[in-house]
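Novice: I'd like to go over a predicted model; first the sequence, then the structure.
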Amino acid sequence: MLVSAAPVTVGIFVGGRGRRLGGVDKGNLRLASGETLVERLVARCRQALPAAELVLVGAAGAYGRLGLPALDDAPAGIGPLGGLRALLLEARARGHAHALALACDLPYLEAPLIARLAEETSVASFLAPRGGELWETLVARYAVDALAPVDAAIAAGERALQRVVLRLGAGAVALAVDERERAELRDLDEPGDVPV
């Protein structure tokens, strides 16, 4: 079992509309193992961070069976940026310095990478793998102090999480990943992406 020492709030983002998958709730797609995507991710998070507090972020009505608390976007209607703001507010209310933001459609993500994300470079305002110019904004750790740039982005009418990372400047740190870990970052966007 992996154990992280630092308390952290883990937010699993379930609010996407899944348009490219026919409008389904992505997290409820069933894998060949019989578990759903979100069930698998919750299990990996609990393995990596047994003391972490898990919450669902976004429209979570379809995931009630998990028994996890759910956060509405704050504000609603602006995509994952509203979810990130809600997650950071929740982490701050719980007295945690950081929150992990994880998309629910990550069928390959494993516990060791989740643990690294929670533990490495504790002073960073943002920690995530990076591919070229783009950051993995929903396989990422955000410090609660990222709330100010989040609020500034919302006030400026920006909606992309990439813009928040740009606002963090040198506080954004890339998590080095090897080839195996990079493969764990693949998400589901098309019907053919569901592992069988």
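Specialist: Everything's here; your move.

Novice: which ones are touching residue 110?
Specialist: 44, 184 (Cβ atoms under 8 Å, 6 or more residues apart in numbering). Bear in mind the C-beta positions are built from the backbone N, C-alpha and C, glycine included.

Novice: Tell me the pLDDT of it.
Specialist: Note on residue 110: pLDDT of 98.

Novice: ok, now residue 24?
Specialist: You'll see residue 24 listed with a pLDDT of 69.

Novice: Residue 195 now?
Specialist: Confidence score, pLDDT, at residue 195: 54.

Novice: for this protein, which helix is longest?
Specialist: Assignment by DSSP state H gives helix 80-93 as the longest helix of the chain.

Novice: which residues touch the helix or strand of the chain with the lowest mean pLDDT?
Specialist: Ranked by mean pLDDT, DSSP states H and E, the weakest helix or strand in the chain is strand 130-131, scoring a mean of 92. Strand 130-131 has contacts (Cβ under 8 Å, 6+ apart) with 136, 174-175, 182.

Novice: Stretch 58-78 too?
Specialist: Taking Cβ under 8 Å, 6+ apart as the rule, stretch 58-78 contacts 11-16, 25, 27-28, 38-39, 42, 54-57, 80, 82-83, 85-87, 89-90, 154, 159.

Novice: where does residue 40 fall, helix, sheet strand or coil?
Specialist: With DSSP: H, G, I helix; E, B strand; the rest coil as the basis, residue 40 sits in helix.

Novice: Now do the contacts for the residue lying closest to residue 147 once chain neighbours are set aside.
Specialist: In space, and not counting its chain neighbours, residue 147 is closest to residue 88: 4.9 Å by Cβ to Cβ, 6 or more residues apart in numbering. By Cβ under 8 Å, 6+ apart, the contact list for residue 88 reads 99, 142, 144, 146-147, 150.

Novice: could I get the residues you listed as JSON lines with pLDDT, secondary structure and distance to residue 48?
Specialist: Shown next, in JSON lines, are the contacts of residue 88 (pLDDT from 0 to 100; DSSP: H, G, I helix; E, B strand; the rest coil; distance: Cβ to Cβ, whole Å):
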{"residue": "99", "pLDDT": "98", "secondary structure": "strand", "distance to residue 48": "15"}
{"residue": "142", "pLDDT": "98", "secondary structure": "strand", "distance to residue 48": "17"}
{"residue": "144", "pLDDT": "97", "secondary structure": "helix", "distance to residue 48": "20"}
{"residue": "146", "pLDDT": "97", "secondary structure": "helix", "distance to residue 48": "21"}
{"residue": "147", "pLDDT": "97", "secondary structure": "helix", "distance to residue 48": "25"}
{"residue": "150", "pLDDT": "98", "secondary structure": "helix", "distance to residue 48": "25"}
